[in-house]
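Chemist: got a predicted structure here, sequence first:
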Amino acid sequence: QVQLVESGGGLVQAGGSLRLSCAASGIMFRLYDMGWYRQAPGQQRELVAAITRSGSTNYADSVNGRFTISRDNAKNTVYLQMNAMKLEDTALYYCTGGVSKTGTYWGQGTQVTVSS
């Protein structure tokens, strides 16, 4: 059974930092592209960052330079380091993974709230 379990969400002040983790099980993690999406109330789910199985990364323009995605294949875990956070980063953050592209499997999400 495939599971993606996110953790690390919470409440943070604007300008602060959080690190999200996503622990994967039931897949050959090292072969999967992984990513983080987010969805704010009333808005569509959007890509935040992705990392391929070879380690190549891409970011949404809105987070580029502030967020960093990384992976630890030994721990079957993907991370999202979020710095210089803004009010507009408030959303439910989802971890996703797939072979060749993300989106095959999804976690349940972890809430991130940025306060002023």
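Modeler: Cool, got the structure.

Chemist: how many other residues sit next to Asp89?
Modeler: Other residues near Asp89 number 22, with proximity taken as other C-beta atoms under 10 Å. All C-beta atoms are positioned from the backbone trio N, CA, C, and that covers glycine.

Chemist: spatially central residue in the protein, please.
Modeler: Trp36 (2.9 Å; C-alpha atoms, centre = their mean).

Chemist: you'd agree Gln88 is in a strand?
Modeler: One correction, residue 88 is Glu, not Gln. No. Glu88: not assigned to a strand; according to DSSP: H, G, I helix; E, B strand; the rest coil it is helix.

Chemist: so it versus Thr113, what's the distance?
Modeler: Separation of Glu88 from Thr113 (C-beta to C-beta, to the nearest Å): 12 Å.

Chemist: and Thr52, by the same measure?
Modeler: The spacing between Thr52 and Thr113, counted by C-beta to C-beta, is 30 Å.

Chemist: coming back round to it: state the mean pLDDT of the helix or strand containing the residue nearest to the centre of the chain.
Modeler: Using DSSP states H and E, Trp36 sits in strand 33-39. For strand 33-39, mean pLDDT is 98.

Chemist: buried residues, it. List them.
Modeler: 33-38 (16 or more other C-beta atoms under 10 Å).

Chemist: partners of Phe67 in the sheet?
Modeler: Judged by DSSP bridges, the bridge partners of Phe67 are Asn64, Met82.

Chemist: list the contacts of it.
Modeler: 48-49, 59, 80-83 (C-beta atoms under 8 Å, 6 or more residues apart in numbering).
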